[in-house]
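Participant: Sequence and predicted model, in that order:
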Amino acid sequence: MNVTFSEKSAWGSLLALALVAYWYFPRAFAVASSGDEPVKLVVLSIICTVVLILVEVVYHVIIASNGRSSSDERDALFDLKASRNAGFVLGFGLFSLVGHIILSSIPESVPRLGTLSIAVWILLAVTVSEIAKLGFQIYYYRAGC
Amino acid sequence: MVRTSVRNNIRALRFNHDEMTQQELADKVGVTRQTIAAIEKQKYSPSLEAAFKIAAVFGEPLDAVFSYEPASR
């Protein structure tokens, strides 16, 4: 199969992160908007982190046992280019949040966000940027640029 | 498919060196087989260090393996 260990790694991480995010964020936003059980948000976050780590470890052990697990200059280049693009995505997400917070200080403009909601939005921006990074990595591998 | 401006004749050189496989060349250069395949297809321009290593494997000067042909405008 014409796929390097790094590309397989990116595919696995992308799927795992997307699935965990799909499960986590609707629940996290629901808890954050109710605002009465912050401990529940911590428990949700711990569960997701543990699941993600376990899935990643098992997946990487499997793909490493199936062949070579080395990386080279091409992997490093694609990782750097994807990280740069992910930085733009993260910046866009965080600046949008800052904009919303500033606007919400104006009466009758946009609804105010609670502290927990802000935390979840920041986490969402970080997660989306990580998903974008993995997606860009896979794109570069497929396009070969 | 985007092609780089760096041309090469690695495939011919491999053939002339006892039909060396991409994996054998990759092991000698210290990159993955997929990187050698990408260089051969001109989908990826190797670093200067990797280019020198490839040329050294074949015992050829750098310009006998790689050439630069800018895209015509």
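Facilitator: Sure thing, it's come through.
Participant: And the residue of chain B that's closest to chain A?
Facilitator: B:Lys43 (3.3 Å; CB to the nearest CB). For every residue, glycine as well, the C-beta is placed using N, CA and C.
Participant: Give me the phi and psi angles of that residue.
Facilitator: phi -100, psi -10 (degrees, to the nearest 10).
Participant: Just to check, it is in contact with A:Arg142?
Facilitator: No. In this structure B:Lys43 lies outside contact range of A:Arg142 using CB atoms under 8 Å: 10.3 Å.
Participant: Pick out whichever of those two has more residues nearby.
Facilitator: Neighbour count, other CB atoms under 10 Å in any protein chain shown: between B:Lys43 and A:Arg142, B:Lys43 has more, with 17 against 10.
Participant: Could you look up the SS state of the closest residue to B:Arg3 other than its chain neighbours?
Facilitator: Spatially, and ignoring its direct neighbours in sequence, B:Arg3 is nearest to B:Gln42 (4.6 Å; CB to CB, 6 or more residues apart in numbering or on different chains). Three-state call for B:Gln42 (DSSP: H, G, I helix; E, B strand; the rest coil): coil.
Participant: pretty sure B:Gln42 is touching B:Ile10, no?
Facilitator: No. Using CB under 8 Å, B:Gln42 is not in contact with B:Ile10; the gap is 10.1 Å.
Participant: out of these two, which sits in the busier spot?
Facilitator: B:Ile10 (21 against 17).
Participant: Below-threshold pLDDT in chain B: ranges please.
Facilitator: Within chain B, the ranges that satisfy pLDDT under 70 run B:1-2, B:71-73.
Participant: Could I get the full set of helices for it?
Facilitator: Applying DSSP state H to chain B gives helices spanning B:10-16, B:22-29, B:33-40, B:48-58, B:62-65.
Participant: contacts for the third one?
Facilitator: Contacts of helix B:33-40 with the rest of the structure, by CB atoms under 8 Å, 6 or more residues apart in numbering or on different chains, involve A:2-4, A:7, A:72-74, A:144, B:8, B:10-11, B:22-23, B:25-26, B:29, B:44-46, B:50, B:54.
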